[in-house]
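In: my questions are about this predicted structure, shown below with the sequence.
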Amino acid sequence: MAIRAVMRALAVFDCFTPEHPQLSLHEISEKLCLAKSTTFRLVGTLVESGFLIQLEDQRYCISLKMMRLGGLVQSTLGIRDIAKPEMREINKLTGETVALTVLAGHQRTAVEVIESSSPLKLVFHVGDTVSLRIGAVGRVFLAHHPEVSLGDIFDDLGSDKFAVAPTAAELAAVRTQGSSYLAGTRAPGAASVAVPIFDMQDVNSHCLSIAGPEGRILENQAAFTQLISTAAARISTRLGSAVMPVTLAE
């Protein structure tokens, strides 16, 4: 069970960004949505323990102690190590295929897959690479990477006869909702739900998805989306992203 005081203290670090490396007590308080008195106690404790420094102008910044701790992170700890336990749990709860996908230019590649145990399933493997015009995962990446040209991707559909270019409004909805559902673009009768994963630069570099027969996915769309959204938030946080906010009630 999470300890509220610890969660609040850790959330202080997420207030700092490359654009705002120094913050006042008032700014930290506003970002955390906490009373100034509560924030003062949190910040004071972090200053006393050496994790924050109070500058001459009374603003605060993260100390070099964090660099020492950051250097202890094993270089071998990658997103697959972080995501796989979450994926196993999702597979156990849903019985469906769960995939972790990385953005690769105008394509996406599966870097981890845990298959459904059902005889009726969508089959794909680690290393499978497909266009961003296919599936819910493609929609998520397109929604979070507006620099990718839809014209370049959808002008020559080739064998992807079921692929249809999304509108700007559809991509905006994906960003707002934080997820995407799509059916029939990879294979007739197949569907998937997908959510973004953000890295320490707050970039949507990977996606987490559940895929299977359209009927099963559509019937459980809301529950599946909630499940992978929660998992993706945990993965993003462990990767160092500050995109997924922590709720801090007084």
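Out: Received it, and whenever you're ready, just let me know what you need.
In: would you map the strands across this structure?
Out: Taking DSSP state E as the criterion, the chain carries its strands at 52-54, 60-62, 97-104, 107-114, 129-131, 180-183, 190-198, 204-213.
In: and those strands as TSV, adding mean neighbour count?
Out: For the C-beta atoms, the positions are set from N, CA and C on the backbone; glycine is no exception. Converted to TSV, the strands of the chain look like this (neighbours: other C-beta atoms under 10 Å):
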stretch	mean neighbour count
strand 52-54	18
strand 60-62	18
strand 97-104	23
strand 107-114	19
strand 129-131	16
strand 180-183	23
strand 190-198	26
strand 204-213	25
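In: turn the ones you listed into TSV, including distance to Val12 and mean pLDDT.
Out: Conversion of the strands of the chain to TSV gives the following (distance: least, C-beta to C-beta, whole Å; pLDDT from 0 to 100):
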stretch	distance to Val12	mean pLDDT
strand 52-54	7	91
strand 60-62	9	92
strand 97-104	30	91
strand 107-114	32	89
strand 129-131	41	83
strand 180-183	33	81
strand 190-198	20	92
strand 204-213	25	92
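In: closest one to Leu120 among the ones you listed?
Out: Ranking these by proximity to Leu120 (C-beta to C-beta) places strand 204-213 first, at 5.6 Å.
In: just the angle for the closest one relative to strand 107-114, thanks.
Out: Taking axes from the mean of the first three to the mean of the last three C-alpha atoms, to 10 degrees, strand 204-213 and strand 107-114 form an angle of 60 degrees between their directions.
In: packing partners of strand 204-213?
Out: Secondary-structure packing of strand 204-213 (3 or more C-beta pairs under 8 Å, 6 or more residues apart in numbering; DSSP states H and E): helix 79-94, strand 97-104, helix 135-144, strand 190-198, helix 221-239.
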